[in-house]
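Trainee: sequence-free structure coming up:
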């Protein structure tokens, strides 16, 4: 799909698979390119369909859709990091600095990429991210895997239950909810992403991040609860944290707030010093 009128969609070959990326293409004076990394089970259109075109009015935006490696190649964090890096290089040229925003598992990918690229990533936004998978996440993941193998309808309901806040559910009638559940598809690639979610631990790399970092916590997130974002705040030297009243699916519940947070931080990255817990943004 075309995310903006001028979006260019291209591919780059990475370890034998074609990785798709979307480039708003238009250069905007004074803005660094922004690379977007989606989360588990999504792509740029589903997770950043609102943010991409709005941010494209501010700066050049590149969004990367992960590609599934063949069945003989394990899906690892390194695989996804390599895909995002290759797409950024193909779009911008190797060595070009950029800003980076990741959501959920994409946040973990962004953390690892920022750690490895050093000062090339100037500003980093981590939405619903984490450092190391804990027992609560492991238990949820185990239930997900069981439902994937036994009851896909129950899996869709479980995913919605974990992904949305209670207040967001109040907007649905039963009929609307049933319609929304039908859009929550899954696949073997998503199952492999979930298996990767259960095995995250980047504690050895997180201290290498030099980017000025904004951490975004969703107050009603039961997939990646707030204590994970507090751990990131303590682990990244130049980090500050803000919160949004939302479940994990912030891109659906609070897209305007996510845009405002992103835009303000990239325009005024020095507004809050490292270590600050910023008051919640409300739009």
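Mentor: Yes, it's here. In this text the structure is predicted, and so the values were computed from the model without any measurement.

Trainee: Residue 216: which element?
Mentor: Here residue 216 is covered by strand 212-218, with elements defined by DSSP states H and E.

Trainee: what mean pLDDT does that strand have?
Mentor: Per-residue pLDDT values over strand 212-218 give a mean of 98.

Trainee: Contacts made by whichever strand or helix holds residue 243 with the rest, please.
Mentor: Per DSSP H and E, residue 243 falls inside strand 239-244. Residues from elsewhere that reach strand 239-244 (Cβ atoms under 8 Å, 6 or more residues apart in numbering): 213-219, 226, 229-230, 232-233, 250, 254, 257-258, 261, 272-281. From N, CA and C alone the C-beta is placed, and that goes for glycine too.

Trainee: ok, residue 207 - how many residues close by?
Mentor: The local packing of residue 207 (other Cβ atoms under 10 Å) involves 12 other residues.

Trainee: how about it, phi and psi?
Mentor: Backbone torsions of residue 207, given as degrees, to the nearest 10, read phi -70, psi -10.

Trainee: can you check the one 3 residues further on too?
Mentor: Torsion angles at residue 210 (phi, psi; degrees, to the nearest 10) stand at phi -110, psi -10.

Trainee: That one against residue 274, yeah?
Mentor: No. Using Cβ atoms under 8 Å, residue 210 is not in contact with residue 274; the gap is 11.9 Å.

Trainee: so where's this protein shaky on pLDDT?
Mentor: The model of the chain has pLDDT under 70 over residues 1-2, 29-30, 281-283.

Trainee: Show me where it has its strands.
Mentor: 8-14, 17-23, 34-37, 61-65, 98-103, 121-127, 212-218, 239-244, 277-278 (DSSP state E).

Trainee: May I have the strands that pair with the first one, each with its orientation?
Mentor: Which is strand 8-14. strand 17-23 (antiparallel) (DSSP bridges).

Trainee: Thanks again, I'm all set now.
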